[in-house]
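In: Give me a model of this one.
(one chain, ligands or ions: 1)
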Amino acid sequence: MRVLVVEDEKKTASFIRKALQAEGFAVDVCHRGHDAWAAARVTPFDALVLDIMLPGRDGLSLLRQLRQQGNATPVLLLSARGEVNERIEGLDAGADDYLPKPFVIAELVARVRALGRRGGEAKTTVLRVADLSLDTVTRQAERAGRVIELTVREYRLLEFLLRSAGRICGRMAILEKVWDYDFDPGSNLVDVNIKRLREKIDADFEPKLLHTMRGLGYQLRESP
Ligand code: CA
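Out: All right, here's what the predicted structure looks like:
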C-alpha cells in the first residue's frame with residue numbers, strides 16, 4: 001500500500017511516516033498543499049493522510065479539488081482543532097475518516113489500514129467528473145442524471161479520459177489505450193471520435209468538460 005502523508009509540521013510528518021513504514025506501507029510525504037496536489041495527480045495512492053491546517057492551500061480545499069477531479073483515493077483527515085463543524089465539513093468535502101490531534105499513532109496506523117482495505121474492496125466502479133459519471137460495471141454513462149448511449153469505442157474513450165481526468169491525453173496515448181494502436185495511422189480517427197463524444201456528453205450541458213489542448217491533446221476536467 002502506498003500512502004501520501006500531507007502535513008506541514010515536519011516532526012509530526014516524519015513520526016507518521018516512520019510509523020507507517022514500520023507497518024510495511026510505502027510512504028510519500030508532502031509539507032505543502034500544492035505539492036500534495038501535484039503528487040496525487042501523477043501517483044495513484046491507496047490512501048491519503050491529510051492535515052487540514054496547511055500553509056497556502058489548506059487540506060479541505062485540496063480534498064474538494066481532488067474529488068471534483070474524480071480522484072477517489074480514501075482520505076483520513078487530521079485536525080488540530082477537532083471541532084464538530086470541521087469534522088462535518090471534512091466529511092462533506094469527501095473525507096472517508098477523521099482523526100483529531102493529538103492522536104495515538106497506533107490508531108492512525110489502524111485507520112489508514114482500514115481505509116486501504118475499504119479502497120481495495122470498493123475500487124469505485126463509478127468514474128466521475130462534475131455531473132458526468134461512468135459506471136465501469138454496468139457500462140452506463142450519465143450526465144446530470146440523463147443516460148448517455150455510447151458505442152463501444154466511445155465508451156473506451158470516455159473511460160480513458162475519465163481515468164486520466166485533469167491530465168492532458170495526447171492523441172498517441174489515446175490511440176494506444178482506446179484503439180490498441182502502437183503507431184499513428186495518420187488519420188483524424190481520434191479527433192472524429194472526440195467530436196462525437198463531445199456531442200453526447202457536452203453539447204447539451206454546462207459547463208463543458210472535454211477540452212481541446214491545442215497541439216497537446218484533450219483533457220477532461222471541470223474547471224474552465
Ligand atoms: Ca498542520
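In: got a list of what the residue positioned nearest the centre of the chain touches?
Out: What sits nearest the mean C-alpha location of the chain, by Cα atoms, centre = their mean, is Asn71, with 1.4 Å. With contact set as Cβ atoms under 8 Å, 6 or more residues apart in numbering, Asn71 has these partners: Ala40, Arg41, Ala165, Gly166. (C-beta placed from N, C-alpha, C; glycine too.)
In: would you list these in a markdown table and tack on distance to the ion, secondary structure and pLDDT?
Out: A markdown table is the format used below for the contacts of Asn71 (distance: Cβ to the ion, whole Å; DSSP: H, G, I helix; E, B strand; the rest coil; pLDDT from 0 to 100):
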| residue | distance to the ion | secondary structure | pLDDT |
| --- | --- | --- | --- |
| Ala40 | 17 | helix | 90 |
| Arg41 | 21 | helix | 84 |
| Ala165 | 28 | coil | 91 |
| Gly166 | 25 | coil | 90 |
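In: Show me which of the residues you listed are buried.
Out: Buried members of those, counted by 16 or more other Cβ atoms under 10 Å: Ala40, Ala165, Gly166.
In: how far away is the residue nearest to the last one when sequence neighbours are not counted from the ion?
Out: Read that as Gly166. In space, and not counting its chain neighbours, Gly166 is closest to Gln69: 4.2 Å by Cβ to Cβ, 6 or more residues apart in numbering. Distance, Gln69 to the ion, by Cβ to the ion, to the nearest Å: 23 Å.
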